[in-house]
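Undergrad: Sequence plus the predicted model coming up.
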Amino acid sequence: MKLRKAMAVALAGALVLTTFATGTTSEAAKKTKLKTKKVSIFVKGKKKISITGKKAKHKYTFTSKKKKIAKVSKKGVITGVKAGKTTITVKDTWKQKGKKKTKKLGTINVTVKKKATPKPKVTAQVTQAPAPQPPAPATQAPGGDVGSQTTPPDATQAPTAPPAKTSKPPKTQPPTPVPTPTPPSREDQKPTTYYPANMAEVEQVDGVTYDPETGSISVKDVEQFCIPLGYTVKNGHAIWVKIKGRMNGEQGFRSWMVNDMANKTTLSDQWEAKNEEGFQAPGEFDYTFQLLSESDDVTCLLIKGPVYGTNIDDIVITSLEISYPLGEGSTKPDPEAPTVAMDLDKHMITAGSTTTAEVSASAGKIKEVTWSVKDETVAKVEKDAEDAKKATITGLKKGDTKVSAEVTVTVEGKDFTLTTEKDLAVAGKDELVVNASIESAPTEVIIGDTAELKVTVDTGTIESVVWSVEGDAATIETDSVEAVKAVLKTVKVGEVTVSATVTVKKDGKTATDTAKVTINVIRDPSDIIEIDITKNITVAGRGNKAAFEVQADGSVKCTWDSSTDAYTFVKFNFDGMDLTNYWCVIDAEGDNMNIDITDAVRKEPAWGNPYSVTAPVYGKAFPYVVKLDDAAKNPTNDKEGNPADYTNVAGVNIYKGDATNEYTLVVKSIKFYKYEEDIPKA
C-alpha cells in the first residue's frame with residue numbers, strides 16, 4: 001500500500017513538472033519582441049512598426065520623441081514630417097491580478113530624409129529574366145460583370161488562359177526614346193562644382209553620431225556606414241569626393257559607391273586612405289579622390305574599415321563635398337528654406353531681473369544671430385559670449401516690448417536669413433509676476449484622441465483658473481477637483497487656441513496672467529498613405545517588353561512595346577500594410593490600362609504568382625479609384641485555399657492586355673485614403 005502511495009505521489013509530481021515545463025515552453029514561444037529597430041523614410045513616407053509574438057488583451061503604445069520629425073499612429077505607422085532624426089518608444093501594457101503592468105519593448109531609431117527631386121532614370125527591362133506573372137484578368141460577361149477568373153501560365157510557358165482584355169488604343173504613337181549618350185572616358189571627366197553632402201542623413205548605425213551643432217560625423221568601432229549622395233549616378237559617370245577630418249586611431253578607412261543603404265552592393269572602384277601620399281594616422285586628413293560608377297542605380301557613398309574584417313577605429317568627418325559634373329544642373333536642387341523659432345524662458349519679468357532666450361532652426365546650422373528689442377527703454381538684450389544662439393534679456397522699466405532675432409542659417413552650403421520674435425512684459429520692481437504656462441501641451445492631436453493639460457506658475461498660490469478654447473475643432477473640460485488641470489477633447493480637423501487665465505496670491509499681493517497654446521487637430525497620418533513610386537518598381541512577363549523611367553518631377557513613365565505579352569506588367573511594390581476599406585487612388589496620364597492589387601506574400605494556386613487581392617479591371621481611365629472592400633475582392637482563393645483580404649497589401653500591377661499598339665502611361669502618384677472625403681475632387 002505504501003509503495004502504491006509513493007508511486008502515485010511520484011507520478012503526480014512528474015505530471016506537475018511536465019505541466020510546468022510545457023507551460024514554460026509555451027510562454028517562451030509567445031515572447032513578445034520588437035522586430036523593427038531602425039527606420040529610414042522620406043518626408044510623408046510611412047513605415048509600419050513590426051512586433052512579433054503579440055499577446056491577446058495586451059495594448060501596444062507608440063510614442064515619438066520629436067513629433068515635428070516623425071509621427072506615429074495608434075496602429076504603429078510611422079510618418080515622416082520633416083528631415084531629421086528622432087526615436088520612437090514602444091511599450092506593452094496589460095493587467096495582471098487586477099493591476100496594470102507596463103513593459104518597455106524597446107526604441108526605434110528613425111531617420112526622416114527630405115525627398116530630393118529624382119534624376120531621370122531609365123531601367124532597361126528587355127534582358128531581364130522572366131519573373132512571376134500577375135493574375136490573369138477574369139473573363140468579363142456582357143454588361144461588365146466579372147465572371148470566373150483564369151490564371152496565366154508561368155512566364156516560360158505558352159499561354160493557356162484566354163487573352164487579356166484590351167485597353168483603349170492610344171490616339172497617337174509615343175516618340176521613340178532617345179538613346180542615352182555614352183559618357184566620356186574616365187580620364188576625360190573632370191570635376192567642376194563641389195556640393196556639400198547632407199551629412200545629417202548619415203545612416204543610423206551604432207557608433208556613428210551626427211553632431212548638428214558642428215555638422216560633423218563621429219565614427220567609433222564601426223564596420224561600415226552610408227551617406228546619401230542626393231542623386232542617382234549613372235553607369236560610366238564619375239564623381240569626385242572631397243573629405244576632411246581627423247583620424248584619432250591608426251587604421252584609416254576605405255570608400256566606394258553602392259546602390260542604397262539597405263543592400264550596399266559595390267558599384268564602383270575602391271579608394272583607400274592608406275594609399276594617399278602623406279597618409280598619417282592619427283592626424284588630420286584632407287583627401288580628394290575620383291570614383292567611377294558601374295551601374296545606373298548608385299545613390300550612396302560607403303565608408304568602410306581599412307581592410308576586410310577590420311572596423312573603422314576612430315575618425316571624425318568634418319566636411320564632405322562631392323562633384324558630379326555630368327549630372328549637375330538637374331540632380332542637386334536648391335535646399336528648401338528652414339524655419340526658425342525662439343524659446344523665451346519667461347515671458348514676464350520685473351524691472352532689474354533677467355530672462356534667457358534661445359533660437360533654433362528646423363534644418364541646417366545656425367551661423368549668426370543678431371539680437372534686438374523693439375523698445376530699448378523697457379528692456380535690453382545681450383548676446384551670449386559663447387553661444388550666438390542664446391541671449392540674456394534684462395528688464396529696465398515697466399512696459400511691453402518684443403525680443404527679436406535675425407538668424408542666418410546654412411543649409412547644404414546655402415545661407416538663409418530669417419527673423420523670429422517673442423512678446424515680453426516687464427513689471428514694476430516690487431510687483432508679483434506669475435509667468436503662467438500650460439504643461440504637456442502637444443502641437444498636434446489626432447482627431448478622436450484627447451490631451452491632458454496642466455497650468456503652472458513661477459510663484460505664489462493659485463487661487464483660480466479659467467480655461468477657454470477658441471475654435472470648434474475641440475472642446476475643453478476642466479477637472480472638478482484640480483482647477484489647474486483640464487482635458488482637450490477633439491471634435492474635428494482644425495486649429496484651436498487654448499487659454500488658461502490664472503489668478504495667484506503671495507504675500508498679500510494678487511496677480512493674474514494668461515497662458516495660451518495653439519493646437520492643431522489632425523487626422524491620423526496613416527489615414528492618407530502615399531507610396532514612393534520612384535522606388536521598388538519591377539517588370540515581369542514573357543520577354544519583359546516593358547520599361548519604366550523615373551522622371552525629374554517624381555512621376556514614372558511606363559512604356560509597353562507593341563509586341564508586349566498580355567500579362568507583362570509594371571508593378572509598384574511597397575511594404576505590406578493592412579488597407580482594409582481604404583480607397584486606392586492612382587493618378588496618371590496616358591492610355592487606359594488593366595489594373596490589379598496584390599498581397600505581400602500570398603500566392604495563386606495554379607502558377608505560384610503573387611496573389612491578386614482585387615479582381616482585375618480592364619481599360620480603366622485615370623484617375624482610377626477603387627475601395628478595398630468586399631465588392632472589389634478577387635473571387636478566386638489563394639494557394640492555401642483562403643479567400644482574398646486586404647490585411648497585407650503590397651503592390652499595384654498595371655498592364656495593357658493583348659493590344660498590338662505601343663502603350664504609354666505616366667504614373668503621378670499612388671495613394672490610399674481611409675476616408676472618401678479626403679480624396680481630392682477632380
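TA: The structure has been received and is ready for your questions. Numbers count the residues shown, from 1 in each chain.
Undergrad: helices and strands of this structure: which one has the lowest mean pLDDT?
TA: Counting by mean pLDDT, DSSP states H and E, the weakest-scoring helix or strand in the chain turns out to be strand 121-123, with a mean of 36.
Undergrad: Figure out how far the helix or strand just after it is from the centre of its chain.
TA: Toward the C-terminus, strand 121-123 is succeeded by strand 195-196 as the next helix or strand (DSSP states H and E). Taking CA atoms, centre = their mean, to the nearest Å, one finds strand 195-196 lying 24 Å from the centre of the chain it belongs to.
Undergrad: same deal with stretch 596-609?
TA: On the basis of CA atoms, centre = their mean, stretch 596-609 sits 28 Å off its chain's mean C-alpha point.
Undergrad: Span of it from start to end?
TA: The first residue of stretch 596-609 is 13 Å away from its last residue (CA to CA, to the nearest Å).
Undergrad: Pull out the buried positions in it.
TA: For stretch 596-609, burial by neighbour count (16 or more other CB atoms under 10 Å) applies to 596-600, 602, 604, 606-607, 609. For glycine as for every other residue, the C-beta is placed from the backbone atoms N, C-alpha and C.
Undergrad: ok, now stretch 411-428?
TA: 411-412, 416, 418, 420-422, 424-427.
Undergrad: and of those residues, the nearest to Val202?
TA: Glu412 (14.0 Å; CB to CB).
Undergrad: for the closest one, what are its contacts?
TA: Residues near Glu412 by CB atoms under 8 Å, 6 or more residues apart in numbering: 195-196, 198, 335, 364.
Undergrad: switch to 7 Å and redo it
TA: The contact partners of Glu412, taken as CB atoms under 7 Å, 6 or more residues apart in numbering, are 196, 198, 335.
Undergrad: and if you look at Asp599?
TA: 610-611, 613, 648-650.
Undergrad: Thr356 contacts Lys390, doesn't it?
TA: Yes: Thr356 is within contact range of Lys390, at 6.4 Å (criterion: CB atoms under 7 Å).
Undergrad: The two: who's more crowded?
TA: The neighbour comparison of Thr356 against Lys390 (other CB atoms under 10 Å) goes to Lys390, with 16 against 13.
Undergrad: Okay, that one and Lys380: tell me how far apart.
TA: 15 Å (CB to CB, to the nearest Å).
Undergrad: My guess is Lys67 contacts Ile519. True?
TA: No: Lys67 is beyond contact range of Ile519, at 11.9 Å (criterion: CB under 7 Å).
Undergrad: Show me the common contact partners of the two, please.
TA: 443-444.
Undergrad: ok so Ala200 is a strand residue?
TA: No: using DSSP: H, G, I helix; E, B strand; the rest coil, the assignment for Ala200 is helix, not a strand.
Undergrad: pLDDT below threshold where in the protein?
TA: Flagging of the chain using pLDDT under 70 yields the residue ranges 1-30, 114-181, 328-334, 542-544, 682.
Undergrad: Adjacent strands (with direction) for the helix or strand containing Ile438?
TA: Assigning secondary structure by DSSP H and E places Ile438 in strand 437-439. Paired neighbours of strand 437-439 in the sheet (DSSP bridges): strand 450-456 (antiparallel).
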